[in-house]
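*Asks:* Got a predicted model here, sequence first, then my questions.
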Amino acid sequence: MSTPDIPRLLSAQARWAQVPLKERAAILLRLHDLVLDRQDELMDAIQADTHKNRRSAFEEVMDVAITARYYAHRGPTLLRPRRARGALPLLTRTEVTREPLGIIGIISPWNYPLTLTLSEMLPALMAGNAILLKPDELGMRTARLGIALLSEIGIPRDLIQVLEGGAEAGTAVANNASFLMFTGSTRTARKVAATTGPRLIGLAAELGGKNPMIIAEDADIELAAHQAINACFSNSGQLCVSIERILLHRSIATEFTERFLALIKNMNIGPGPGWDIDMGGLITPAHLQHVDAFVRDAREQGAEILCGGHALPELGDTFYAPTVLRNVPESAKLYRNEVFGPVVYLETVASHAEAIARANDSDFGLNASVFGSRATAWSIAKQLESGSVNINEGYAATWGSIDAPHGGWKDSGLGGRHGASGLLHYTRPRTIAHQRGLTLGDGLPASTMTTLLKLGKHVLR
Ligand code: NAD
C-alpha cells in the first residue's frame, strides 16, 4: 500500500479551490465528450477487470458522461454564495458561502469500477476538493485509465492520490479524509464508521440491498417480464440496485412466471465484447462459489428451482446460469440476504397490501420496482420503505434521474449521491451576517421584541 502524502494533497487542493467555479465546470464538461469518444478503450478495460457484458460496461460510460454534464451545468449555481433571510429584515444582510471540505476519501467496490471511482470524484472536484481514492483491487485497470482521463481534461495531477490495496488502504483513507464516500457492503460500512465517527467527519455510505419488484394485478405483464430480465440480470446481478425478489399478485403469477422463464431461455450468455450478449460472467470464481452456496442452501431447504441453479463451465470459470427460485422458505439464507448474482426468487401474494408488507419486511431499503397501472403503482410506491422506487422499470429510471438524490434507507445506507445534496455534502457552509442599524444583543426591550415577533409570524414566511 502506498502512503498518502497529505501535505501535497492539501496544497494542491488550496490551489484548486482558487480556480473559478465556471472554469472548474468547463474542465468537468470536457470529460463528457472524452469518455464518449474513448468508450471502446474504457469498455475493454471494464470488461477485462470484471467479465461483465458490453452493455453493462457501456452503462458505466454513460453514467460518467451524465454525471459530468450534470455537475458541470448545475455546480456553479449550487455552489455560488446565496443570500439568506436575515435576523432583522433590511437590517441584517446574511450570506451563505459553500467552502470545500478539503480531502474527500472515496472507497469503491469492484462491481462498477469506472462509475464508482470516476463519477464519484466529479461532484467532490467540482466543489473544490482534493481526492484520496481507494478503488477495489479488482478494478485497478479501469480506475487507472479513468484517472488518466482526468489528467487529460486538465485536473491537476497532484489533486488526486490513489491508495492501492485492501482493508488497510481503506482504513488509511478513512483516517486522513475530511469526508468519506463509501460504497460497498453494510458489514464494511460499520467498520469504516467506527473510524469516521470518533474523527467527527461526515460519512456517506451506499450499501447493499434485497431489492423487491412488485407486479400488481393490473400490470402490463409483457413489459414487466422484459424489464425483469434487465432488473435481475444486468451486470450478472452484481448491482446494488438489482432485483432479487419478485412479489407477484396471485391473479397474474402464472402468466408472469411463464413469460419470464421463456425470456430467460432466450438469453445470450457468454464472454467477449459482442453487443448481442445479454449477460457476462461474475467477477471471480470465488464469487461464483459464494452465489452457488446461496442457491444450494435454498435448494436443500426445499426451494424449487425453476431455471438455472448451476455454473456454466463451458463458457468460462465465472459464468453462472440465470436462476429463478420459487417456494423459498424464510429460513433459507438468500431469503433475506443479498446474493449479488443472477439469482431471483418469486413469491405469490394475495393482495397489494401483502406485497407491500413483504417488500418492507427487510433490514434493507435501497431500491424497489413496481409494475401496475398508474394509480396502483404510485399508491404502492409511496408505501415502500426504500430510497428509490422505479415504476414500470427496474432501477435505471431512478439511477438516471441524476437531479434527484439516490441513497438507501435502513441498512442500505447513509446519505447518498446525486442531486444537489450529492454535491453540497462535499462542502461546509459559512454563514456571514452583517448587522446594520439596530443591534440584536442589547437595547431592545422585551416588549418591543414581543411585538416584532408577533408581527414576524405574519410577515416572515
Ligand atoms: P466490500 O464492503 O467488501 O468492499 C468495498 C470496498 O471497501 C473495497 O474497496 C474494499 O477493499 C474496501 N474495504 C474492505 N474492508 C475495509 C475496511 N475494513 N476499511 C476500509 N475499507 C475496506 O464490498 P464489495 O464486496 O466490494 O462490494 C459489494 C457490495 O457493495 C454489495 O453489498 C453491493 O450491494 C454494494 N454496492 C452498493 C452500491 C450502492 O450504490 N448502494 C453500489 C455498488 C455496490
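*Replies:* Thanks, I have the structure now.
*Asks:* okay, CA-based contacts and neighbour counts for the rest of this
*Replies:* Will do.
*Asks:* For stretch 391-409, output the C-alpha coordinates as PDB.
*Replies:* The C-alpha trace of stretch 391-409 is given here as PDB (Å, rounded to 0.1, in the frame of the first residue of the first chain):
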ATOM      1  CA  ILE A 391     -42.400   2.400 -11.800                       C
ATOM      2  CA  ASN A 392     -42.500   0.200 -14.900                       C
ATOM      3  CA  GLU A 393     -38.700  -0.100 -14.700                       C
ATOM      4  CA  GLY A 394     -36.200  -2.000 -12.600                       C
ATOM      5  CA  TYR A 395     -33.600   0.500 -11.500                       C
ATOM      6  CA  ALA A 396     -32.400   2.800 -14.300                       C
ATOM      7  CA  ALA A 397     -35.200   5.300 -14.100                       C
ATOM      8  CA  THR A 398     -34.200   6.500 -10.600                       C
ATOM      9  CA  TRP A 399     -30.500   6.000 -11.100                       C
ATOM     10  CA  GLY A 400     -30.600   8.000 -14.300                       C
ATOM     11  CA  SER A 401     -32.600  10.800 -12.600                       C
ATOM     12  CA  ILE A 402     -29.400  12.400 -11.500                       C
ATOM     13  CA  ASP A 403     -31.100  15.600 -10.400                       C
ATOM     14  CA  ALA A 404     -32.700  13.600  -7.600                       C
ATOM     15  CA  PRO A 405     -30.900  12.100  -4.600                       C
ATOM     16  CA  HIS A 406     -30.100   8.400  -4.600                       C
ATOM     17  CA  GLY A 407     -29.500   6.700  -1.400                       C
ATOM     18  CA  GLY A 408     -30.600   3.700   0.700                       C
ATOM     19  CA  TRP A 409     -32.900   3.600   3.800                       C
END
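*Asks:* what comes up buried for that stretch?
*Replies:* Neighbour counts over stretch 391-409 (16 or more other C-alpha atoms under 10 Å) mark 391-395, 398-399, 402-409 as buried.
*Asks:* do the same with stretch 66-85
*Replies:* By neighbour count with 16+ other C-alpha under 10 Å, stretch 66-85 contains the buried residues 66-76, 78-79, 81.
*Asks:* Convert it to PDB, retaining C-alpha atoms only.
*Replies:* Extracted in PDB, the C-alpha atoms of stretch 66-85 (Å, rounded to 0.1, in the frame of the first residue of the first chain):
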ATOM      1  CA  ILE A  66     -24.300  12.100 -17.400                       C
ATOM      2  CA  THR A  67     -22.600  12.900 -14.100                       C
ATOM      3  CA  ALA A  68     -20.000  15.200 -15.700                       C
ATOM      4  CA  ARG A  69     -22.700  17.000 -17.600                       C
ATOM      5  CA  TYR A  70     -25.000  17.400 -14.600                       C
ATOM      6  CA  TYR A  71     -22.400  18.700 -12.100                       C
ATOM      7  CA  ALA A  72     -20.700  20.900 -14.700                       C
ATOM      8  CA  HIS A  73     -24.000  22.600 -15.500                       C
ATOM      9  CA  ARG A  74     -25.600  22.700 -12.100                       C
ATOM     10  CA  GLY A  75     -22.400  23.000 -10.000                       C
ATOM     11  CA  PRO A  76     -21.700  26.800 -10.300                       C
ATOM     12  CA  THR A  77     -25.300  27.700  -9.400                       C
ATOM     13  CA  LEU A  78     -25.400  25.300  -6.400                       C
ATOM     14  CA  LEU A  79     -22.000  26.500  -5.100                       C
ATOM     15  CA  ARG A  80     -22.200  30.200  -5.500                       C
ATOM     16  CA  PRO A  81     -22.900  32.400  -2.400                       C
ATOM     17  CA  ARG A  82     -26.600  32.800  -1.700                       C
ATOM     18  CA  ARG A  83     -28.500  35.400   0.300                       C
ATOM     19  CA  ALA A  84     -30.500  34.100   3.200                       C
ATOM     20  CA  ARG A  85     -33.200  35.900   5.100                       C
END
